[in-house]
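S.K.: sequence first, then the predicted structure:
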Amino acid sequence: MKKYLLLFSISVLSACATPNITYDTELKAEEGVLLTKVICQNSNIPIISAAFYRIDQKQNSFLGPTEGGGIVVCKEPYLKILKVKEGEYYFGNVGQLKIKKNNAYKFKIERNKANYIGNVVLSGRFQQMQNTLYLGLSVRDSEKLILDSFKDKYPDLYNKYEYVNALAKK
């Protein structure tokens, strides 16, 4: 039963993933761009996701953020460029696992800027013998590599938005 619930949750979360923006995407006055790379590490689970919430928003482990925030999924494209309202956020879930706010990675989005929050590293392992699921989230700083990739793959967006380092921290 747990296996079917896990597969259902994975399919729901992957359908809810926030899509990358394009050059034509218009930002509202209160929005900024979240820039991150999602890295899948040591995983035997097909898709792992992490939900981020506005700092004043409660977690919802099944539906993810209901207003403000978003979901990043460990699948192509791994470089995520998302439209997000300005404000403070925290990673509140990895899959169905809730992360306590006082132990979560937090970051701030500035309006009308490309905010690099670091590389989000998602890991997950299902141990069938123990019927146990292990999930993890960490943040790595690879600013130069991501900035070069952003510039090479999305030159229009790179030139459109001022870049800021908004590295997520505990």
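M.R.: The structure has been received and is ready for your questions.

S.K.: helices of this protein, residue ranges please.
M.R.: For the chain, the helices defined by DSSP state H occupy 2-15, 143-153, 155-160.

S.K.: now the first one: mean pLDDT?
M.R.: So the one you mean is helix 2-15. Mean pLDDT, helix 2-15: 41.

S.K.: could you do the shortest one as well?
M.R.: In this model, helix 155-160 carries a mean pLDDT of 91.

S.K.: now do that helix: which elements does it pack against?
M.R.: Applying 3 or more CB pairs under 8 Å, 6 or more residues apart in numbering; DSSP states H and E, one finds that helix 155-160 contacts helix 143-153. Using the backbone N, CA and C atoms, a C-beta is placed for each residue, glycine as well.

S.K.: likewise the second one?
M.R.: Helix 143-153 sits against strand 31-41, strand 79-85, strand 113-127, helix 155-160, strand 162-165, with contacts defined as 3+ CB pairs under 8 Å, 6+ apart.

S.K.: adding mean neighbour count and distance to Phe52, write the ones you listed out as JSON lines.
M.R.: Listed next are those as JSON lines, based on neighbours: other CB atoms under 10 Å; distance: least, CB to CB, whole Å:
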{"stretch": "strand 31-41", "mean neighbour count": "21", "distance to Phe52": "8"}
{"stretch": "strand 79-85", "mean neighbour count": "20", "distance to Phe52": "8"}
{"stretch": "strand 113-127", "mean neighbour count": "21", "distance to Phe52": "9"}
{"stretch": "helix 155-160", "mean neighbour count": "14", "distance to Phe52": "20"}
{"stretch": "strand 162-165", "mean neighbour count": "14", "distance to Phe52": "17"}
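
S.K.: ok, which of those comes nearest Gln96?
M.R.: Across the helices and strands packed on helix 143-153, Gln96 has its closest neighbour in strand 113-127 (10.7 Å, CB to CB).

S.K.: partner strands of the closest one, with direction?
M.R.: strand 31-41 (parallel), strand 132-140 (antiparallel), strand 162-165 (parallel) (DSSP bridges).
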